[in-house]
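**Student:** next come a sequence and a model predicted from it.
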Amino acid sequence: MNLKNKVLNELKSTEDFISGQQLADFFGVSRNAVWKTVKSLQNDGYLIESVTNKGYRLLSANDAIDTNIISGFFDDLDEEINIIHKTRVDSTNNMLKKLYFESIPFNTLLIADEQYDGKGRFGRNFYSPSKTGVYFSLLIKPDFHTETPSIITSLTAVAVCDSISMLTSKKPGIKWVNDIYVDKKKVVGILTEGSIDFETNNFEFLIIGIGINISTSDFPKEFRDKAGSLSVNISKSELIGTIISNFYKLYHQFPDKSFMSDYRKYSIMFNKKITYKLNNVTYTGEVVDINDYGNLIVSSGDGISTLTSGEVTIIDF
Ligand code: BTN
C-alpha cells in the first residue's frame, strides 16, 4: 500500500485529529512527506481539515448518498417510504411540493446533494453547497388534528438530536424554536410547510425539510457568525436513514406529545436571558419553561409572557 492510501486509511479510522508527527512516526516518514501526502489527497477531493497544533482530520464530504443503504433503515416502519435522490435542485421543499401536486405518494423522501435556492425560515436562504451537507424533505399526510401543527417541527428537531446523539459524540441542543446547535453554532435548520383544510381542520399535506451542515466551512458572510458544521466523519446515508426512522417512531406518539419532554431535555434555552420582540417592541427576559404546545415561557419585569412563534436572541450565548 502506498503512503497516500496508508494515510487515508489512518484518517478514516477516527473522528479525531491525528497530528502530522504521529502519522510521520507511524509510517516512518518525514512530517514534510505527510504534509505533501495530505495535500495530494486534498487535491483528489478529500476534505481534510488541517488545524495548527492539532493535525489532520478527514471530513465526510466524499461519502455519496446511497438510497439502498437508506431504505435499509426503513424495514421496521409501517410506512412504505418512496426515496428520490437528485444531484441538484432549487429546494427539496419546493420540488417536493411540485411533485405533491403531480400526485406523488405520501411518505416520499426527496434528497439532494446540493440546493441552489435552499430556503430557510422568514424567507431567508439556507446555504446548501454540494458534498459538505445533506438536504432532504419528507412529504407526509398527518391523520390527526392538532391545535399546534408547528410542534411537528419540534418533534422533528428531537428526531434529529436523537440521531446525532446516537451516531456521533456531539451534544446537540435545540435553540427555540427549532434550530439545532452543536458547539454553539447552528448546524441544522428545519423548515416545515404545508396546508390545512380549514373546513375540516385536516392536514392536506406537510413537507418537512431538513438541512444539515456536515463539513461546510465556507459560509457566505451573512451566515458566518451563527452557522457551523457537525464536523464529524459520518455516513450521510446512515444519518438520513436514522433521522427519518427516528422521526416516524416519534410521529406515531404525536397525539400524547411525549416527545416534548425530550424537546425540553435538548433545549438550550432554560434559565437563559434572551431578547424577543412583541408588537415591534424589544423585551428582555429569562426563559422559565417550554410548554407542551412548544411555547416559550419567559419571565421579565412585566411578568410572564408566552411566546408562540418568532425568533429570540440568547444574551451571552
Ligand atoms: C432555517 O434554518 O431557517 C430552516 C432551514 C431549512 C433548510 C432545509 S434544507 C432541505 C429543505 N429544503 C429547503 O429549501 N429548505 C429545507
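**Tutor:** Perfect, thanks for sending it.
**Student:** next up, phi/psi of Tyr293, please.
**Tutor:** Here is the backbone geometry of Tyr293 (degrees, to the nearest 10): phi -90, psi 0.
**Student:** ok, now which ones touch it?
**Tutor:** 147-148, 151, 308 (C-beta atoms under 8 Å, 6 or more residues apart in numbering). All C-beta spots, glycine's among them, are computed from the backbone N, C-alpha and C.
**Student:** thought Lys185 was touching Gly228?
**Tutor:** Yes: between Lys185 and Gly228 there is a contact at 2.4 Å, judged by C-beta atoms under 8 Å.
**Student:** please say which of those two ends up with more neighbours.
**Tutor:** Comparing Lys185 with Gly228 by other C-beta atoms under 10 Å, the one with more neighbours is Gly228, at 19 against 15.
**Student:** what's the spacing between the more buried one and Thr14?
**Tutor:** Distance, Gly228 to Thr14, by C-beta to C-beta, to the nearest Å: 21 Å.
**Student:** do Val232 as well
**Tutor:** Applying C-beta to C-beta to Val232 and Thr14 gives a distance of 11 Å.
**Student:** Glu147 now?
**Tutor:** For Glu147 relative to Thr14 (C-beta to C-beta), the value is 48 Å.
**Student:** burial measure for the residue lying closest to Asp179 once chain neighbours are set aside, as a count.
**Tutor:** Distances taken as C-beta to C-beta, 6 or more residues apart in numbering place Lys186 nearest to Asp179, at 5.0 Å, with adjacent residues excluded. Using other C-beta under 10 Å, Lys186 has 17 neighbouring residues.
**Student:** what of Lys54?
**Tutor:** 13.
**Student:** who's in contact with it?
**Tutor:** 17, 19.
**Student:** likewise for the one 5 residues further on?
**Tutor:** Contacts were defined as C-beta under 8 Å, 6+ apart; by that measure Leu59 touches 47-49, 132, 214-215, 231, 233.
**Student:** show the end-to-end separation of stretch 250-259, please.
**Tutor:** In stretch 250-259, first residue to last residue: 7 Å (C-alpha to C-alpha, to the nearest Å).
**Student:** ok, residues contacting that stretch?
**Tutor:** Counting by C-beta under 8 Å, 6+ apart, 78, 140, 142, 144, 146, 151-152, 154-155, 158-159, 292 sit against stretch 250-259.
**Student:** in contact with the residue of the stretch 51-200 of the chain found nearest the ligand, which residues?
**Tutor:** Closest contact between the stretch 51-200 of the chain and the ligand, by C-beta to the nearest ligand atom, is at Gly189 (2.3 Å). Residues counted as contacts of Gly189 (C-beta under 8 Å, 6+ apart) are 120-121, 126, 179-180, 210-211.
**Student:** what are the ranges of the strands in the stretch 101-250 of the chain?
**Tutor:** 108-115, 133-140, 173-175, 179-182, 185-197, 202-213 (DSSP state E, counting those that start in this stretch).
**Student:** returning to that earlier point: more neighbours: which of Glu147 and Thr14?
**Tutor:** Thr14 (11 against 7).
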